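> model the following, please.
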Amino acid sequence: MAKKGILLINLGSPRSTAVNDVKEYLDEFLMDEKVIDYRWFFRALLVQGIILKTRPKKSAEAYKTVWTDEGSPLIVITKKIQQKLQKIVDIPVEIGMRYAEPSIETGIRNLVEKGVSEIVLFPLYPQYAMSTTETVIEKAEEVRKKKFPGITINYIQPFYHREIYTDCLAESIREKLPENFDALMFSYHGVPERHIYKTDPTKTCNMNDCCSRKTNPSHPFCYRHQCYNTTESVIRKLGLPKEKVIVSFQSRLGKDKWIEPYTDHTLETIPSKGVKKLAVVCPAFVSDCLETLEEISVEGKEQFLESGGESFYYISCLNDEDRWIDVIKTLCEEKLHQFYLV
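Sure thing, here's the model as predicted:
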C-alpha cells in the first residue's frame, strides 16, 4: 500500500529582515502572475522597475518590528502547527511555502524521501482566491509534473464554510474579545476587483448584489462572498448583532480598484460615527504575520486612535491553538479517506 503524507502550505516570508532578502522575497511574490495579473512585460516593469526600487527597504523595517528570536512569525507558527499535528497523526507531516523557503518543492521532496507517494496538500487559506489557493495548486502541480511525476496529490479545498472551522474561529474570538467594545471589525486581505470576475468560470458574479444572495453559481469561486459568509457564520455563533460588526479589506497595492470597503479608510472614519472601542480580527489568515502584527495591530491601531478612537484590541489568529490543530487533522483525514476509496 502506498505511503501517505501531509503537506501544509502557507504564504512564505523573507529569510531575514535584510533589505536584499526582503527584495528577493518580494520579487518572487509580486512577479507571480496570480498576484499581479499583468502580462509579463508590464508586471516586470511595475515590480522590478518601480516597486523593488523603494518598497524592500520600507518592508524590511516593518519586518523588523515583528521578527522574533526564532525568525519570521509566519514560519515559526507554521512549524509549530506542523509539530503539533505530527504528534496526533501517524503519517509524515511537512510544510512548504508558496514563496521562498522551505518551498513547495522542498516540502514534497522531504515527504518523498520518507517514502511518501500520496500527499494530502493543505493550503492554509480559509477562502478561495487566485492569489492564494489557486497559485498554490498551480505551483504544486508544476513541481509534481516536473520533479515528482510518480506521486499523487489530493488538495484540500477552501474551508471557510465548514462548521468545524467556523466553530473553532468563533470560540477563539469569544475567548479573546474584550469585555467592552463598540464594534468587532473583520479585516480580510483585499484583492483587486478584477480578480473576483477573473476567477469566476460561471460568469454569474456581480459584486453589486450576488455576494449577499443565499446561493449563486459563482460563490465557490468568489473570495468576497466567502469573506462575508465567514463573518456571518461567526457572528451568528457569537450572538453579535449586525450593527456591532464591520467588514473591511486591507493591504491593497497600486492604483487599481480593490474590493471595498478599505480597512485603513474605515479605521479613520468610524470614530466619528461613535465607534470608540474597537476589536479587530483577520480571518483571511490562520497564522499571524506582517499583515496582522504590523499592518493591523501597529499601523491600524495608530490610524484608529489618531482619528479619535479610544481603545483598539487586536485578536490574534488561530496560530497553533489546539482546537485549530484538531480541525486541520479532521480535514486532512477526510482527504486521506478519499485516497483509500480510489
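
> center of the protein - which residue?
Phe285 (3.8 Å; Cα atoms, centre = their mean).

> is it in contact with Thr292, as I believe?
Yes - Phe285 is within contact range of Thr292, at 5.7 Å (criterion: Cβ atoms under 8 Å). Placement of C-beta: from N, CA and C, glycine included.

> need the overlap of contacts for the two.
Residues touching both Phe285 and Thr292 (Cβ atoms under 8 Å, 6 or more residues apart in numbering) are Cys317.

> which intervals of the stretch 51-200 of the chain have sub-threshold pLDDT?
Applying pLDDT under 70 to the stretch 51-200 of the chain flags no residue at all.

> list the buried residues of the longest helix anywhere in the chain.
Ranked by residue count, the top helix of the chain under DSSP state H comes out as helix 322-341. For helix 322-341, a neighbour-count test (16 or more other Cβ atoms under 10 Å) marks Trp324, Ile325, Val327, Ile328, Lys329, Leu331, Cys332, Lys335, Leu336 as buried.

> would you list every one of the strands in the stretch 51-200 of the chain?
Ranges of strands in the stretch 51-200 of the chain, per DSSP state E, counting those that start in this stretch, are 93-99, 116-123, 152-155, 183-189.

> can you list the strands that the third one pairs with?
Strand 152-155 pairs in its sheet with strand 116-123 (parallel), by DSSP bridges.

> hey, what's the angle from the partner strand to strand 93-99? Just curious.
For strand 116-123 against strand 93-99, the angle by axes from the mean of the first three to the mean of the last three Cα atoms, to 10 degrees is 50 degrees.

> just want the angle from strand 116-123 to helix 322-341.
Going by the same axes, to 10 degrees, strand 116-123 makes 140 degrees with helix 322-341.

> residues making contact with strand 116-123?
With Cβ under 8 Å, 6+ apart, strand 116-123 has contacts from 2-9, 91-92, 108, 111, 132-133, 136-137, 140, 150-156, 158, 328, 331-332, 335-336, 339.

> buried ones in the strand or helix carrying Glu302?
Using DSSP states H and E, the element containing Glu302 is helix 301-306. Residues of helix 301-306 classed as buried by neighbour count (16+ other Cβ under 10 Å): Lys301, Gln303, Phe304, Leu305.

> name the helices or strands packed onto it?
Here helix 301-306 touches helix 263-269, strand 311-315, going by 3 or more Cβ pairs under 8 Å, 6 or more residues apart in numbering; DSSP states H and E.

> now it - C-alpha only, CSV.
This file holds the C-alpha atoms of helix 301-306, laid out as CSV (Å, rounded to 0.1, in the frame of the first residue of the first chain):
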residue,chain,number,x,y,z
LYS,A,301,-4.1,51.0,15.8
GLU,A,302,-2.3,54.3,15.2
GLN,A,303,-4.8,55.2,12.5
PHE,A,304,-7.8,54.5,14.7
LEU,A,305,-6.5,56.2,17.8
GLU,A,306,-5.3,59.3,15.9
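
> not counting that helix itself, show me its contacts.
Here helix 301-306 makes contact (Cβ under 8 Å, 6+ apart) with Asp264, Leu267, Glu268, Ile270, Pro271, Leu278, Phe312, Tyr314.

> pLDDT score for the residue lying closest to the last one once chain neighbours are set aside?
Nearest residue to Tyr314, sequence neighbours excluded (Cβ to Cβ, 6 or more residues apart in numbering): Ser297, at 3.8 Å. We note a pLDDT of 97 for Ser297 in this prediction.

> sec struct for Ser297, please.
helix (DSSP: H, G, I helix; E, B strand; the rest coil).

> distance of it relative to Pro283?
Relative to Pro283, Ser297 is positioned 15 Å away (Cβ to Cβ, to the nearest Å).
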